[in-house]
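>>> Provided below for reference: sequence and predicted model.
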Amino acid sequence: MEQFIDIALLAFMVVVAMAMIRLRSLFAVVMLSGIFSLLSASLFVVLDAVDVAFTEAAVGAGISTVLMLGTLALTFREERPKRRFSPVPLVVVLVTGAALVYGTLDMPHFGDADAPIHHHVAPRYIDDSPNEVGPPNMVTSVLASYRGYDTLGETTVIFTAGISVMVLLSGLWGRRRRTVPKQAVVDTENETESRS
Amino acid sequence: MHSVLRTSTKLLMPPIMLFALYVQFHGDYGPGGGFQAGVIFAVAFILFTLIFGPVRARQVAPRWVTTPLCAAGVLIYAGVGMATMLMGGEYLNYNVLAHDPLHGQHLGIMLVEMGVGLTVWAVMVSIFLAFVDRDEDEDDAPEGQEDGRA
């Protein structure tokens, strides 16, 4: 049964990805990327990775969609039509895809209990985390306690990202020379209008 | 903006924020934690901004609140590490925070998750408002423009 759900979800994801490539309206593409995130979140739920699914649904389907819509409001709503067919991207994608599929041949089977990843630190977390750390949700003990450094690094990354966006978009710099970018934006808008 | 949207936003915001707090403080027992909670809490503010506009949103979450809180979360996290060092343990070894190692772990994880949640909330709200404020700067009638573009 679970396999059928997996196949259905993955098929939906392929269909959505195809539609995203084909569509020219960027608004529809952003909406479809939100749907794509929601589908992958459901896939994570099927894989019993509820924490990851939670994050994917909140960030992928929620925040990024809204941020992309905000970006759309600043740029254009339609993708420019492509001039001609170029074979290079297709070749790159095919070669990379083939290499990745070839790489999976070496990997242990899905759900294999003998896989190396289940014999490294996972047994320690499963056996000792209730006595060493406490929380019943093992993901929390791993993220916040065993891997505390990593999570501190992640938080710093988020902080840096936020500060960078603020400096780029609305910080002191933007205020000080607001007239210059304003002029530039107006110019580009006029240009595209005359072009189309 | 339409009154149905305004009313439903007002109805939706408290449950969203309450759910965010649940996710924050229930992360030890169920799925969730600081990151997800911060994002969900930010979603409530983003929803408010979408319906009521960035000017009123900046009254709720002014710049002097969101910008320092971005740093405050990281500082809380790193501060817990410093505290554990001062109390004789390694950096981010929560065992020394209380007499009982398990209580120490619990306290440490709670503080650390709080730091993560604060930073994530502040950063998400700041990034979103930075995008929207910029739009505001360029055209003085954002709502009319929005309708025209949509």
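Perfect, I can see it now.
>>> nearest spatial neighbour of residue B:90, skipping sequence neighbours?
Leaving aside its sequence neighbours, residue B:90 sits nearest to residue B:84 (C-beta to C-beta, 6 or more residues apart in numbering or on different chains; 7.0 Å). To be clear about C-beta, it is placed using only N, CA and C from the backbone, and glycine gets the same treatment.
>>> mind checking pLDDT for that neighbour?
Listed pLDDT for residue B:84 reads 90.
>>> Determine how far the helix or strand where residue B:74 lies lies from the middle of the whole chain.
Here residue B:74, judged by DSSP states H and E, is contained in helix B:63-86. A distance of 14 Å separates the centroid of the chain from that of helix B:63-86, by C-alpha atoms, centre = their mean, to the nearest Å.
>>> before we move on, what about stretch B:72-87?
Worked out by C-alpha atoms, centre = their mean, stretch B:72-87 lies 19 Å from the chain centre.
>>> Just the buried positions in it, please.
Going by neighbour count (16 or more other C-beta atoms under 10 Å in any protein chain shown), the buried part of stretch B:72-87 is B:72, B:73, B:74, B:75, B:76, B:77, B:78, B:80, B:81, B:83, B:84.
>>> And for it, what's in contact with it?
For stretch B:72-87, contacts defined as C-beta atoms under 8 Å, 6 or more residues apart in numbering or on different chains pick out A:148, A:151-152, A:155-156, A:159, B:90-94, B:96-97, B:108, B:111-112, B:114-120, B:122.
>>> Return that stretch as CSV; C-alpha atoms alone will do.
What follows is stretch B:72-87, C-alpha atoms only, in CSV (Å, rounded to 0.1, in the frame of the first residue of the first chain):
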residue,chain,number,x,y,z
ALA,B,72,19.3,38.0,20.1
GLY,B,73,18.4,34.4,19.2
VAL,B,74,22.0,33.6,18.0
LEU,B,75,23.3,35.3,21.1
ILE,B,76,21.0,33.3,23.4
TYR,B,77,22.2,30.1,21.7
ALA,B,78,25.9,31.0,21.9
GLY,B,79,25.3,32.4,25.4
VAL,B,80,24.1,29.0,26.6
GLY,B,81,27.4,27.6,25.3
MET,B,82,29.3,30.2,27.2
ALA,B,83,27.3,29.6,30.4
THR,B,84,28.1,25.9,30.2
MET,B,85,31.7,26.7,29.9
LEU,B,86,31.6,29.1,32.9
MET,B,87,29.9,26.4,34.9
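>>> what mean pLDDT does stretch B:22-29 have?
For stretch B:22-29, mean pLDDT is 87.
>>> I meant to write stretch A:103-120 there.
84.
>>> mind listing what's buried in it?
Buried, per 16+ other C-beta under 10 Å, within stretch A:103-120: nothing.
>>> Need the distance between the two termini of that stretch.
21 Å (C-alpha to C-alpha, to the nearest Å).
>>> are any of the contacts of stretch B:72-87 buried, and which?
Buried subset of the contacts of stretch B:72-87 (neighbour count, 16+ other C-beta under 10 Å): A:148, A:151-152, A:155, A:159, B:92-94, B:96-97, B:108, B:111-112, B:114-120, B:122.
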